[in-house]
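In: quick one, what's the 3D model for this:
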Amino acid sequence: MSARPASYLPTLVLILALTACAVPGPQPGEAQIRTGVIEQISLVQLQSNHHPGVGAVVGGVVGLGLGSLIGGGTGRDVAMVLGTVGGAVVGNEIQKKHDQPIPGQQIVVRMSSGVLVSVTQPVNPNLFTGQRVFIEGSGENARVLAR
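Out: Next up, the predicted model:
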């Protein structure tokens, strides 16, 4: 015995009604903003935003260029290799001296839901313990902002 198409109609209507009530989650590119109160602020050191290895690459290229100006033939090839290696070492050392840590703060916020969230960011002198704040974004892009 086969079921009549009309017997599927109530099920179909129920499924459509439930799907129409569904709330979509955050869409890509949308900022997520949450609220809470700062529980604790600790000073920390953040690594600089310079890319490691750039000094070595730039130094190597400069050393290669200088090495190519010396001699000719095999001697020139040796000078280019030595210039590249020496330039990379010098460039790396120069970058190390200029890559100083950045002062930052680790902020613990008690969300409206009671959950504790920790955000590490550059220092914002306008934030203090007990302050009502927004947390904008998520993951590495999260930032605590005064309300």
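
In: ok, and the closest non-adjacent residue to residue 118?
Out: Using C-beta to C-beta, 6 or more residues apart in numbering and skipping the chain neighbours, the partner closest in space to residue 118 is residue 108 (5.1 Å). C-beta coordinates here come from the backbone N, C-alpha and C atoms, glycine included.

In: cool, and residue 34?
Out: When the adjacent residues along the chain are set aside, residue 34 lies closest to residue 135, with 4.7 Å between them (C-beta to C-beta, 6+ apart).

In: which ones are touching that neighbour?
Out: With contact taken as C-beta atoms under 8 Å, 6 or more residues apart in numbering, residue 135 is in contact with 33-36, 109, 111, 117, 119, 142-145.

In: in this structure, which spans are strands?
Out: Taking DSSP state E, the strands of the chain run over residues 33-46, 102-111, 116-122, 132-136, 143-146.

In: rounded mean pLDDT for the first one, please.
Out: Going back to what we said before, that points to strand 33-46. When pLDDT is averaged along strand 33-46, the result is 88.

In: per the record, what domains does the chain have?
Out: As assigned by automatic domain parsing, the chain contains the domains 29-47+101-146, 54-98.

In: most tightly packed of these?
Out: Most buried of the domains of the chain by mean neighbour count (mean count of other C-beta atoms under 10 Å) is domain 54-98; its value is a mean of 16.

In: tell me the mean pLDDT over the helix ranked longest in the chain?
Out: Longest among the helix segments of the chain by residue count, using DSSP state H, is helix 73-98. Averaged over helix 73-98, pLDDT sits at 81.

In: and that helix, what does it pack against?
Out: helix 54-67 (3 or more C-beta pairs under 8 Å, 6 or more residues apart in numbering; DSSP states H and E).

In: now do the helix it packs on and helix 73-98, the angle between them.
Out: Between the direction of helix 54-67 and that of helix 73-98, the angle (axes from the mean of the first three to the mean of the last three C-alpha atoms, to 10 degrees) works out to 150 degrees.
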